[in-house]
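> Provided below for reference: sequence and predicted model.
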Amino acid sequence: MMLSVRRNQRCILVVLAMVAFAGGALVYALDRPAGSTAFIPAIVHISQSRYRGLGLIGASLPSLVHVYCFILLTAVLIRQTRRNILLTCLAWFLIEVSFEVGQLPFMSRIASRSDVLDVFLGGGVFDWLDLLAIGLGTTAAFVTVTVSRPHQKEGHHVGMETEFSKQA
């Protein structure tokens, strides 16, 4: 019974992540100029200006969605203790912030010396609102995973019997 609850929760997390990713892709297709995103062909882009309909929200929404989705997808793979969820959130927060800081002008000049770094950092522009969006996405993901996980005591893992749980 508990194993199926755990499986259902993880399926819900995957569906939420995929829906959020699709929404983020729509922002790129509808609100960003053609050629600004490698994974969306230019023919799909509708907008000709940088921030057409969604304004500042559209500018930073992908940063929120990205960290949110990766935390949810990682949570599907981990043992969902409060500690592991916090560590997952912290890790993705730091990764996302690192990429954003890497878009600062002096960092972009350094990145341009490396083909690999230039691919990830060369086309971006540092934005304080992106940092805020990363924080909000991290918080939203923590709440989503924590609220959706099956109720359990720390040390007891749903669907897994341990020495600790046998003694309790």
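Nice, thanks for sending it over.
> now do the helices in the protein.
For the chain, applying DSSP state H gives helices covering 2-31, 55-77, 82-101, 105-111, 115-121, 128-148, 163-167.
> turn those helices into a markdown table, columns for mean pLDDT and mean neighbour count.
Bear in mind the C-beta positions are built from the backbone N, C-alpha and C, glycine included. Compiled in a markdown table, the helices of the chain are given as follows (pLDDT from 0 to 100; neighbours: other CB atoms under 10 Å):
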| stretch | mean pLDDT | mean neighbour count |
| --- | --- | --- |
| helix 2-31 | 87 | 16 |
| helix 55-77 | 91 | 20 |
| helix 82-101 | 95 | 16 |
| helix 105-111 | 74 | 13 |
| helix 115-121 | 66 | 13 |
| helix 128-148 | 97 | 18 |
| helix 163-167 | 42 | 9 |
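> pLDDT at Ala42, what is it?
For Ala42, the model assigns a pLDDT of 61.
> enumerate every residue touching the closest residue to Ala75 other than its chain neighbours.
Excluding the flanking residues, the one nearest Ala75 by CB to CB, 6 or more residues apart in numbering is Val145, at 4.5 Å. Neighbouring residues of Val145 by CB atoms under 8 Å, 6 or more residues apart in numbering: 13, 71-72, 75, 80, 85, 88.
> of the residues you listed, closest to Glu100?
Using CB to CB, Ile71 comes nearest to Glu100 of the contacts of Val145, at 16.0 Å.
> the spatially closest residue to the closest one that is not a sequence neighbour: what's it in contact with?
Among residues not flanking Ile71 along the chain, Ala141 sits closest, at 3.6 Å (CB to CB, 6+ apart). For Ala141, the contact set (CB under 8 Å, 6+ apart) comprises 67-68, 71-72, 75, 89, 92.
> tabulate these (TSV), appending distance to Val101.
Below are these laid out as TSV (distance: CB to CB, whole Å):
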residue	distance to Val101
Val67	14
Tyr68	19
Ile71	19
Leu72	24
Ala75	25
Cys89	18
Trp92	15
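> which one among those residues gets closest to Phe106?
Looking across the contacts of Ala141 and measuring by CB to CB, the closest to Phe106 is Val67, at 23.8 Å.
> the closest one contacts Phe93, doesn't it?
Yes: shown here, Val67 and Phe93 form a contact pair, counting by CB atoms under 8 Å, at 6.6 Å.
> any common contacting residues for the two?
Counting by CB under 8 Å, 6+ apart, the common neighbours of Val67 and Phe93 are 134, 138.
> lovely, talk soon.
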